[in-house]
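Q: got a sequence here, can you build the structure:
(2 chains)
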Amino acid sequence: MKRIQAIEAAELEEDAKCKLGGWLQEIKNLGGIAFLKIRDRTGVFQVVLSKEEMEDSFDEAVNISRESVLLVEGKKKDTDQTELGFELHPISIKVETEAEKPLPLGVVDKVDAEMGTRFDNRFLDLRKKEKRLIFEIRKHLLDGLRDFFTKEDFVEINTPKIVAAGAEGGATLFNVEYYDSEAYLAQSPQLYKQMLMAAGFERVFEIAPAYRAEDFDTIRHTSEFISLDFEISFIESSNDIIDMTSYMIRHALSHTVDNCEKQLEELGVEIEIPEYPFKKIPYRECISILKDKGFKWDEEPTIGTEEEKILGEHVRDEYETDFFFITEFPTKVKEGTFYAMRKEYDPSLTTYFDLEYKGQELVSGGQREHRYEMLVKQMEEVGLDTEVFQTYLDTFKYGMPTHGGIGLGLDRLLQQMLDLPNIREAILFPRDTQRLEP
RNA sequence: GCCCUGGUAGUGUAGUGGCCCAUCAUGUGGCCCUGUCGAGGCUGCGACUCGGGUUCAAAUCCCGGCCGGGGCGCCA
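A: Okay, the predicted model is just below:
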């Protein structure tokens, strides 16, 4: 007999024979009668054991360790006493694999485990429904994004993750031994996206890992994260990028909400679909808002973590949205971003922007400098060795259209959507400064 | 990298110099219980992160290592 899922069994007729399989979540043993609670991906079903009818096999069954994998063949009986509306009267119970005791982490224990313990035993942690739901939602979020790019006629690309040079100097790169030479893990597909603009692809996007060897230890950083990038050509200004980003967010969130009604309800999360156009506040205006709120700086005013949070609250209060763009980043603030296009009427400002979501940076992007001489000049300004980037620079010599794009932290988007307390909750097997396993 | 904070049974905790051969919960073993679903009752089991030091005496104080958690810088 073929094993079916609990939710499928619920559809069968009364007295139908079926075979279910799953993890033994718990046993309620009342002496003469016992209940096995068995969990599969679709739910938890109950098997009823009667001592009178089963004799020796009763004792055997109630002694199986929790989290063992069982296959149960039995008769379906309808009842209003279980969540799925049925229970199983067993004909045979097969222990596929017995779980060792004690469990390093209880799946349904009444005490919570710490994050470290949970991530050391992530496979057990992920047996919990509320943890698994996050990744079901993540799947639909990705679908929503891909769906958007398909509708907008983008080409999905895959750029190398083993690279010879980084996008923004060498400080945050992981070293890799590459045959006889030294290489790095890509921190961003930035330069490759631009090369494809030179190649005439016009619209590209990539969803792929990015690596940052930063010594950060925060709830919103990991050493390996999934970066969503897009790049488009023949733009008139960074507003074209801002618009595309706004449509993308709206589409992806709507798609997720439409397809994850059940999951979101179970997690108790409501997701805002922001109205177009999103609120835009120039960097300088952000600073004056902050000044009004009593912020003071010793030197040049900058927007740090605290400032971001306050701005997020301000926009929430004033405009009833969790999304807003910070536009016109000063050239000085974007110093390392040598490829950022500057404002023609005021070179102290760039066309770069961030999208903030619930007081946290989610997207960075803008229009790129597409003119070879300007690009070289801007690189030299920040002391970059143009020779190292010659391969990249060459792509600007033979016809490069105006272009721009963004990078979005996918894990961070999911974290903020679901109000997860730590970005690691949005990643199956997170990598940080301490964690390389599992 | 800097700052704060922590490490006690499988899990989560109480304990800040002697009252501790260490508290409670959860788990786990045994016994009782025929409708449980945070089941219940009785009973047993199980731990002070590592190294060095101070002291008559250290889970507790000091130094160092290792490992968590958080904040900042930075960033997606």
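Q: what about residue A:3, how many residues close to it?
A: Taking other CB atoms under 10 Å as the criterion, the count of residues near residue A:3 is 14. From N, CA and C alone the C-beta is placed, and that goes for glycine too.
Q: is it true that it touches residue A:22?
A: No. With contacts defined as CB atoms under 8 Å, residue A:3 does not count as touching residue A:22, sitting 9.3 Å away.
Q: can you pull out the helices in chain A?
A: Using DSSP state H, the helices of chain A run over residues A:6-9, A:51-54, A:56-62, A:115-120, A:122-125, A:129-151, A:190-198, A:238-259, A:261-267, A:283-292, A:305-319, A:372-381, A:390-394, A:410-417.
Q: how about these in JSON lines, adding distance to RNA strand B?
A: Written out in JSON lines, the entries for those read as follows (distance: least, CB to the nearest atom of the strand, whole Å):
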{"stretch": "helix A:6-9", "distance to RNA strand B": "13"}
{"stretch": "helix A:51-54", "distance to RNA strand B": "3"}
{"stretch": "helix A:56-62", "distance to RNA strand B": "8"}
{"stretch": "helix A:115-120", "distance to RNA strand B": "3"}
{"stretch": "helix A:122-125", "distance to RNA strand B": "10"}
{"stretch": "helix A:129-151", "distance to RNA strand B": "14"}
{"stretch": "helix A:190-198", "distance to RNA strand B": "9"}
{"stretch": "helix A:238-259", "distance to RNA strand B": "11"}
{"stretch": "helix A:261-267", "distance to RNA strand B": "16"}
{"stretch": "helix A:283-292", "distance to RNA strand B": "12"}
{"stretch": "helix A:305-319", "distance to RNA strand B": "3"}
{"stretch": "helix A:372-381", "distance to RNA strand B": "16"}
{"stretch": "helix A:390-394", "distance to RNA strand B": "17"}
{"stretch": "helix A:410-417", "distance to RNA strand B": "5"}
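Q: any chance of these in TSV, with mean pLDDT, distance to residue A:223 and mean neighbour count too?
A: Shown next, in TSV, are the helices of chain A (pLDDT from 0 to 100; distance: least, CB to CB, whole Å; neighbours: other CB atoms under 10 Å):
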stretch	mean pLDDT	distance to residue A:223	mean neighbour count
helix A:6-9	94	38	18
helix A:51-54	84	53	13
helix A:56-62	88	46	15
helix A:115-120	89	14	15
helix A:122-125	92	16	16
helix A:129-151	95	19	17
helix A:190-198	93	18	22
helix A:238-259	96	25	19
helix A:261-267	92	27	14
helix A:283-292	90	29	16
helix A:305-319	91	19	16
helix A:372-381	90	27	15
helix A:390-394	87	24	14
helix A:410-417	95	12	23
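Q: distance to residue A:219 for these - can I get that in CSV?
A: Output for the helices of chain A, formatted as CSV (distance: least, CB to CB, whole Å):
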stretch, distance to residue A:219
helix A:6-9, 35
helix A:51-54, 51
helix A:56-62, 43
helix A:115-120, 10
helix A:122-125, 17
helix A:129-151, 15
helix A:190-198, 25
helix A:238-259, 22
helix A:261-267, 18
helix A:283-292, 23
helix A:305-319, 11
helix A:372-381, 34
helix A:390-394, 34
helix A:410-417, 8
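Q: show me chain A divided up by domain.
A: Using automatic domain parsing, the domain parsing of chain A gives A:3-97, A:124-426.
Q: once you drop chain neighbours, what's closest to residue A:182?
A: For residue A:182, ignoring the flanking residues on the chain, the nearest one in space by CB to CB, 6 or more residues apart in numbering is residue A:175 at 6.4 Å.
Q: same check on residue A:380?
A: The spatial neighbour of residue A:380 that comes closest, neighbours along the chain excluded (CB to CB, 6+ apart), is residue A:386 at 6.8 Å.
Q: look up how far residue A:377 lies from that neighbour.
A: 10 Å (CB to CB, to the nearest Å).
Q: re the thing from before, now do the shared contacts for residue A:3 and residue A:22.
A: When contacts are counted by CB atoms under 8 Å, 6 or more residues apart in numbering, the set common to residue A:3 and residue A:22 is empty.
Q: one step back: among the helices of chain A, which is nearest residue A:209?
A: With CB to CB, the closest approach to residue A:209 among the helices of chain A belongs to helix A:410-417: 9.9 Å.
Q: and the closest one, what does it pack onto?
A: Applying 3 or more CB pairs under 8 Å, 6 or more residues apart in numbering; DSSP states H and E, we find helix A:410-417 packed against helix A:129-151, strand A:224-233, strand A:360-367.
Q: what's the spacing between that helix and its chain's center?
A: Taking the mean C-alpha point of helix A:410-417 and that of its whole chain, the gap between them comes to 5 Å (CA atoms, centre = their mean, to the nearest Å).
Q: for residue A:366, give me its contacts.
A: If you count contacts by CB under 8 Å, 6+ apart, residue A:366 has them with A:238, A:241, A:329, A:340, A:341, A:350, A:351, A:352, A:353, A:404, A:406.
Q: ok, the residue lying closest to it once chain neighbours are set aside to RNA strand B distance?
A: Closest residue in space to residue A:366, ignoring its immediate chain neighbours: residue A:352 at 3.5 Å, by CB to CB, 6+ apart. For residue A:352, the distance to RNA strand B equals 9 Å [CB to the nearest atom of the strand, to the nearest Å].
Q: equivalent analysis for residue A:384, please.
A: Summarising the geometry, the distance separating residue A:384 from RNA strand B, computed by CB to the nearest atom of the strand, is 15 Å.
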